[in-house]
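Q: whatever this is, show me its structure:
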Amino acid sequence: MEDEFDFIIVGAGSAGCVLANRLSADPGTRVLLIEAGPPDANPLIRVPLVAGLVYFWRPINWNYTTRPQAHLDGRTIGWPRGRVLGGSSSINGMMYMRGHRRDYDGWRQLGLDGWAYEDVLPYFVRSEGHVDRTPPYHGTDGPLCVRRAEGANPLYRAFLESGWSAGFPRNDDFNGADQEGLGLYDFNIRDGRRESTATAFLRPAQKRPNLSVWTRSLVHRLILDGRQCTGVAVDRGNGITTAWAKREVILSGGAINSPALLQHSGIGDPEHLNALDLPVSNPLPGVGRNLQDHLGVYLTYRCAEPITLYSMFRPDRALRAGLQAWLFGTGPATSIPLEAGGFLRTRPELEIPDIHITFVPGLNLETTREGQGQHGYLINFYQLRPESRGSVQVTSPYPEEPPSIDPNYLSEAADVACLRDGVRLARRIGSQEPFSRYNDGPISPDDAVAADEQIDAWVRASANTIFHPVGTCAMGTADDPAAVVDAELKVRGMGGLRVVDASVMPRIVGGNTSAPAIMIAEKAADMILGRPAPSRIDLGSALA
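A: Okay, here's the model as predicted:
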């Protein structure tokens with residue numbers, strides 16, 4: 001049959017493109033990859049410097065918005081998600097970060113065999129082609145090109161020296177033996193251009209005759225035969241067609257779209273589905289729950305010297321830099337201005353870092369739009385492991401309608417306290433002597449914002465997403481009533497159906513989520529194909 005495949009992958013994002021490559025490597029296996037958005041053809045996607053603009057570019061975006069947040073002064077928060085080949089890896093900040101080893105050991109402690117740090121490290125290494133670092137913590141010949149930032153702007157050095165002066169440790173590799181400290185980051189950038197999962201994994205595989213890629217195709221629902229998933233109903237722009245899966249359907253739509261598709265197919269909380277007149281195929285109350293995201297704030301300062309990104313705001317300079325990066329992979333637009341920062345503890349009694357802090361030699365777009373067009377810089381940080389939990393719920397039987405997204409930010413007092421402590425820590429770094437020649441005073445928050453209740457109010461008024469939603473199809477054991485998938489990522493109570501993306505994380509990782517999503521897909525490919533897990537990596541010499 002023309003529309004019959006061994007595997008159907010729904011969503012060509014950070015995980016989906018990896019799966020398409022790995023599953024189609026066997027020429028005897030037919031694979032279909034379905035993406036709701038267009039190909040990643042626009043040249044702006046490839047220019048690292050404009051990532052902040054691409055993140056909100058509507059033609060390649062789901063353009064989601066949260067519900068009003070009760071603990072953020074009733075504000076709604078824009079939640080961009082990539083709707084394009086490569087998904088959010090085609091619009092994100094390209095920072096390559098794995099999280100802390102204890103994040104994965106914590107998953108194992110929940111009863112999820114095979115997900116401890118020593119189990120997942122080989123999959124991180126398998127996917128990575130690092131041009132500056134070496135084993136055992138890094139791969140050098142994987143598909144995803146990763147490189148260390150140069151940090152050429154003198155403001156980066158001022159930030160790092162200020163942090164070290166404040167007593168925080170140095171760290172040359174946040175994905176190595178220890179995460180804590182300050183230094184320069186790694187980014188998935190190849191030859192001065194963005195490296196997404198579409199460029200690293202999908203593009204080399206697209207020439208394979210056994211891999212089909214459907215773009216601009218929205219999956220409406222799963223085709224179920226009792227408790228067996230046999231295919232998908234897809235709108236390709238000219239009506240609904242059915243694609244059949246002989247072996248498995250794999251959802252890789254991310255933390256919003258994967259639970260939404262399950263719900264539209266009758267898999268979810270029966271009470272919620274019944275209220276929408278959606279027939280219940282498999283009652284799984286955990287679908288769409290356990291939503292977690294990183295919430296951050298931006299401390300902004302005026303800069304006394306004209307060495308910030310504001311110099312690039314002149315249209316002629318921006319155009320020249322963009323063309324140079326796109327055509328030749330050279331010039332100032334080949335890096336993203338997030339090159340320095342690290343992972344710190346806001347309180348000395350903590351065992352591991354609880355915030356991720358980043359310096360930017362320029363002001364954020366929102367500050368500029370509000371009339372603060374000037375030379376400035378900012379210190380951004382977010383809480384690594386928030387306790388607040390939210391939900392994603394479809395709002396109608398029609399899949400074209402966006403779901404209701406409620407991250408429930410700052411609903412837990414511990415999250416408020418962490419951000420409050422983080423503001424004081426960031427201020428401490430910003431007031432050190434190495435910044436003295438550059439610091440021309442704060443923009444926001446003002447120095448008068450000092451008491452606990454004042455800082456909390458500023459956070460509620462200004463905090464924003466760091467674009468890391470996870471957890472809405474969480475892994476769990478058989479005795480966990482909230483689990484959606486098991487440790488092999490199979491949907492509970494279903495045959496022929498898995499979820500492979502960041503939505504399966506039971507707890508959010510302490511860092512960016514793109515590299516972990518790639519790792520999840522690498523591990524899932526072995527499980528799907530029945531291959532043994534790779535041997536654990538000997539870290540003895542690296543830890544000595």
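Q: wait, what's in contact with Asp354?
A: 344-347, 383-385, 418 (Cβ atoms under 8 Å, 6 or more residues apart in numbering). From N, CA and C alone the C-beta is placed, and that goes for glycine too.
Q: just the buried members of these?
A: Among these, those classed as buried by 16 or more other Cβ atoms under 10 Å are 344-346, 383-385, 418.
Q: what's the farthest-apart pair in these?
A: With distances taken as Cβ to Cβ, the most widely separated pair in these is Leu344 and Arg385, at 13.6 Å.
Q: list the contacts of Ser162.
A: Here Ser162 is in contact with 429-430, 432-435 (criterion: Cβ under 8 Å, 6+ apart).
Q: neighbour-wise, which of those residues leads?
A: Counting neighbours by other Cβ atoms under 10 Å, Ile429 leads those with 26 neighbours.
Q: how much space separates that one from Leu378?
A: 12 Å (Cβ to Cβ, to the nearest Å).
Q: in this protein, which helix or strand is least confident?
A: helix 365-369 (a mean of 58; mean pLDDT, DSSP states H and E).
Q: wait, what's in contact with Ser411?
A: Going by Cβ under 8 Å, 6+ apart, Ser411 touches 70-71, 388-389.
Q: out of those, which end up buried?
A: Among those, those scoring as buried are 71, 388 (criterion: 16+ other Cβ under 10 Å).
Q: please identify which of the contacts of Ser411 is nearest to Val249.
A: For the contacts of Ser411, the nearest to Val249 is Arg389 (27.4 Å; Cβ to Cβ).
Q: how near is the closest one to Leu284?
A: Distance of Arg389 to Leu284, given as Cβ to Cβ: 17 Å.
Q: quick check, Ile528 in a helix?
A: Yes - using DSSP: H, G, I helix; E, B strand; the rest coil, the secondary structure at Ile528 is a helix.
Q: just the buried positions in the longest strand along the chain, please.
A: Under DSSP state E, the strand in the chain containing the largest number of residues is strand 240-251. Of the residues in strand 240-251, 243-245, 247-251 count as buried by neighbour count, 16+ other Cβ under 10 Å.
Q: pipe these into CSV and attach distance to Gly106 and pLDDT per row.
A: Below are these laid out as CSV (distance: Cβ to Cβ, whole Å; pLDDT from 0 to 100):
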residue, distance to Gly106, pLDDT
Ala243, 37, 97
Trp244, 39, 98
Ala245, 33, 98
Arg247, 32, 98
Glu248, 28, 98
Val249, 29, 98
Ile250, 25, 99
Leu251, 24, 98
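Q: list the contacts for Val499?
A: By Cβ under 8 Å, 6+ apart, Val499 lies in contact with 250-252, 258, 262, 473, 484-485, 489, 491.
Q: from those residues, which land in strands?
A: 250-251.
Q: got the contacts of Val499 as TSV, with distance to Pro353 columns?
A: Below are the contacts of Val499 laid out as TSV (distance: Cβ to Cβ, whole Å):
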residue	distance to Pro353
Ile250	33
Leu251	32
Ser252	29
Ser258	29
Leu262	34
Cys473	27
Val484	29
Val485	29
Leu489	28
Val491	34
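Q: of the contacts of Val499, buried ones?
A: Burial by neighbour count, 16+ other Cβ under 10 Å: within the contacts of Val499 this picks out 250-252, 258, 262, 473, 484-485, 489, 491.
Q: from those residues, which land in helices?
A: Of the buried ones among the contacts of Val499, the ones assigned to helices by DSSP state H are 258, 262.
Q: looking at the buried ones among the contacts of Val499, which is nearest Ala149?
A: Distances from Ala149 to these, taken by Cβ to Cβ, are shortest for Ser252, at 28.7 Å.
Q: and the closest one, what pLDDT?
A: Ser252 is assigned 98 on the pLDDT scale.
Q: now do the contacts for it.
A: By Cβ under 8 Å, 6+ apart, Ser252 lies in contact with 9-13, 15-16, 19, 258, 499-501, 521.
Q: same list, the buried ones among the contacts of Asp354, but as CSV with secondary structure, distance to Thr230 and pLDDT please.
A: Formatted as CSV, those follow (DSSP: H, G, I helix; E, B strand; the rest coil; distance: Cβ to Cβ, whole Å; pLDDT from 0 to 100):
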residue, secondary structure, distance to Thr230, pLDDT
Leu344, strand, 50, 98
Arg345, coil, 50, 98
Thr346, coil, 50, 98
Gln383, strand, 42, 98
Leu384, coil, 41, 98
Arg385, coil, 39, 98
Cys418, helix, 46, 98
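Q: for these, give me a markdown table that also has distance to Glu161.
A: Rendered in a markdown table, the data for those read as follows (distance: Cβ to Cβ, whole Å):
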| residue | distance to Glu161 |
| --- | --- |
| Leu344 | 15 |
| Arg345 | 20 |
| Thr346 | 21 |
| Gln383 | 25 |
| Leu384 | 24 |
| Arg385 | 28 |
| Cys418 | 26 |
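Q: low-confidence ranges, the stretch 1-150 of the chain, go.
A: In the prediction, the stretch 1-150 of the chain carries residues with pLDDT under 70 at positions 1-2.
Q: same thing but at 90, please
A: For the stretch 1-150 of the chain, applying pLDDT under 90 flags the ranges 1-3, 43-44, 49-56.
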